[in-house]
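[1] got a sequence here, can you build the structure:
(chains A, B, C and D)
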There are 2 protein chains.
Amino acid sequence: MPTSPAPLAERSLPLRERKKLRARRELVETALRLFLDRGFDETTLNDLTEAADVSLRTFFRMFPSKEAVALAAESELWDAYLEQFARYDIDGTVLDALRDTLVTTIANMGEDWTRRFLATRGLVARTPALRDHSDLTSITVQRRLVEILETKLDTDSRTDVRLRQLGEIALASWRCAAKNWIRDNPGPRGGKAKVARLAREVREAFDAIPACITLRP
Amino acid sequence: MPTSPAPLAERSLPLRERKKLRARRELVETALRLFLDRGFDETTLNDLTEAADVSLRTFFRMFPSKEAVALAAESELWDAYLEQFARYDIDGTVLDALRDTLVTTIANMGEDWTRRFLATRGLVARTPALRDHSDLTSITVQRRLVEILETKLDTDSRTDVRLRQLGEIALASWRCAAKNWIRDNPGPRGGKAKVARLAREVREAFDAIPACITLRP
DNA sequence: CTATATAATGCCAGTGACTGGCAGTTCTTG
DNA sequence: CAAGAACTGCCAGTCACTGGCATTATATAG
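    Take a look at the predicted model:
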């Protein structure tokens, strides 16, 4: 099985960097395979590094933790999202901007990412340690989002609580969407359509917010 | 130094239970002292269990992790909150109910809790591992909140996203409030007034939500 | 093309959180 | 008071993660 096709960015990088990227991809790919096969907790880092033919020490130079390699696909999404949002020129409400950029980012992630992300979410759904780590990651994203908002709106989040709340609400919507999505999509097949469904879930979660605050029993 | 005065609940419990509670309190108290003194990461569980005169094995029968003993005060708040909210008869909007019960719960936590909670938050502010664990705890609370909401409103959170969103928003408000609160209150002194301020921060965070969704640059 | 600087890697021997198992002790209860 | 239940302590083990150093591979200067 060939590893995922090399992104264009890889070409014409110094040899050293290319090797690094290759090893990294090898680790992510092998990790996903092993974790799906035997389970996350049942696979030791020794198993993984041996299978990927990388020393344990090197593994920890590339990933900060065992969880991180399993959640690599999610990290890629967040990097793309934050970059996208940082560029985005907010026209309407901030909340709409947060929603639209996220939906767009998801839609633009590409074929190979979709495959890995689906696998990852399946893993997250049945592994408490990964679920925790995934939640933690989303909270980190929220913090970075607030920083971007501070720049964009030229306001300090300390003086205006709303910046922080917006970050929280955006990632809350994401968590809702991701949870609803994986619930209705347990199987591992069918890339494109599923991603479209995820984007729709995200949109719905964001749009449900106004109706939340007035909900009565 | 005497440990904190025994709550009334302790009286007339079987001897075994009382001993267990006493050991537990001893651990929490000692942990807080050691962690504040030397730092969380710099204190090993060996240090702690030795100082509290409990075997390591017993420690892990009482707490699921090193972080848990440091965050005991927070857990107590959440237990109280969930119980309070479960009883509460929602009259106006759900969001108001979530806010009011949280504010009330905080205000009713008692003297000794206040002291420990202040210390805990100071620790959380300067210890990444604890900050993570605290965030994780709040997400767990959110899940339990959604379950309670499902019962109260007799609705499945799968069919109505708003339940989950409300849980998220409530805990998001808590995180905002806690963050703003500790920022302006670095010192370890002055119990009652600070708790009042925390309650106010919570109220403000909740009340900022409607204005969030319409915020424009 | 060689020599030297630079950086990535592999290896080893930790540290420390957490766990299973078992033997001994302490409560509870009939 | 005896039998059983519930703890507790101890021991040895697993595994994620880390610091330090020798080795090797790449980049660069002469």
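
[2] distance of the residue nearest the centre of chain A relative to A:Lys66?
    Geometric centre of chain A, nearest residue: A:Glu74, 2.1 Å, by CA atoms, centre = their mean. According to CB to CB, to the nearest Å, A:Glu74 stands 15 Å off from A:Lys66. To be clear about C-beta, it is placed using only N, CA and C from the backbone, and glycine gets the same treatment.

[3] and A:Glu29, by the same measure?
    From A:Glu29 to A:Lys66 the distance is 16 Å (CB to CB).

[4] go on, A:Arg16?
    Plainly put, A:Arg16 is 25 Å away from A:Lys66 if you go by CB to CB.

[5] the two: which is more packed in?
    A:Lys66 (20 against 8; other CB atoms under 10 Å in any protein chain shown).

[6] spell out which parts of chain A neighbour DNA strand D.
    Within chain A, the positions near DNA strand D by CB under 7 Å from any atom of the strand are A:14-16, A:19, A:43-46, A:56-57, A:60, A:64-67.

[7] quickly check: the helix ranked longest in chain A near chain B or not.
    Assignment by DSSP state H gives helix A:128-153 as the longest helix of chain A. Yes. Helix A:128-153 reaches chain B (CB under 8 Å from any CB of the partner chain) through A:Asp132, A:Asp135, A:Leu136, A:Ile139, A:Lys152, A:Leu153.

[8] swap in stretch A:51-68?
    No. Judged by CB under 8 Å from any CB, stretch A:51-68 and chain B are separated, with a smallest distance of 11.4 Å.

[9] so which bits of stretch A:73-85 are buried?
    A:Ala73, A:Glu74, A:Glu76, A:Leu77, A:Trp78, A:Ala80, A:Tyr81, A:Leu82, A:Phe85 (16 or more other CB atoms under 10 Å in any protein chain shown).

[10] okay, now the domains of chain A?
    Here the domain parsing of chain A from automatic domain parsing is A:8-66, A:71-212.

[11] quick one, which of those domains gets closest to B:Leu166.
    Taking CB to CB, domain A:71-212 is the member of the domains of chain A nearest to B:Leu166, at 5.4 Å.

[12] which parts of chain A are helices?
    A:15-38, A:45-52, A:56-62, A:66-70, A:72-87, A:94-107, A:111-125, A:128-153, A:161-184, A:191-207, A:209-212.

[13] just name the most buried of these.
    Ranked by mean neighbour count, the helices of chain A are led by helix A:161-184 with a mean of 23 (mean count of other CB atoms under 10 Å in any protein chain shown).

[14] between that helix and helix A:111-125, what angle do the directions make?
    Relative orientation of helix A:161-184 and helix A:111-125, computed by axes from the mean of the first three to the mean of the last three CA atoms, to 10 degrees: 90 degrees.

[15] counting contacts, what elements does helix A:161-184 pack onto?
    Counting by 3 or more CB pairs under 8 Å, 6 or more residues apart in numbering or on different chains; DSSP states H and E, the packing neighbours recorded for helix A:161-184 are helix A:94-107, helix A:111-125, helix A:128-153, helix A:191-207, helix B:161-184, helix B:191-207, helix B:209-213.

[16] can I get those helices in TSV including distance to B:Arg24?
    Below are the helices and strands packed on helix A:161-184 laid out as TSV (distance: least, CB to CB, whole Å):
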stretch	distance to B:Arg24
helix A:94-107	43
helix A:111-125	33
helix A:128-153	24
helix A:191-207	40
helix B:161-184	24
helix B:191-207	22
helix B:209-213	37
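
[17] and of these, who's closest to DNA strand C?
    Smallest distance to DNA strand C across those (CB to the nearest atom of the strand): 10.8 Å, for helix A:128-153.

[18] so what secondary structure elements neighbour that closest one?
    Looks like helix A:128-153 contacts helix A:66-70, helix A:72-87, helix A:94-107, helix A:111-125, helix A:161-184, helix B:128-153 (3+ CB pairs under 8 Å, 6+ apart).

[19] out of those helices, which is closest to B:Glu204?
    helix A:161-184 (6.4 Å).
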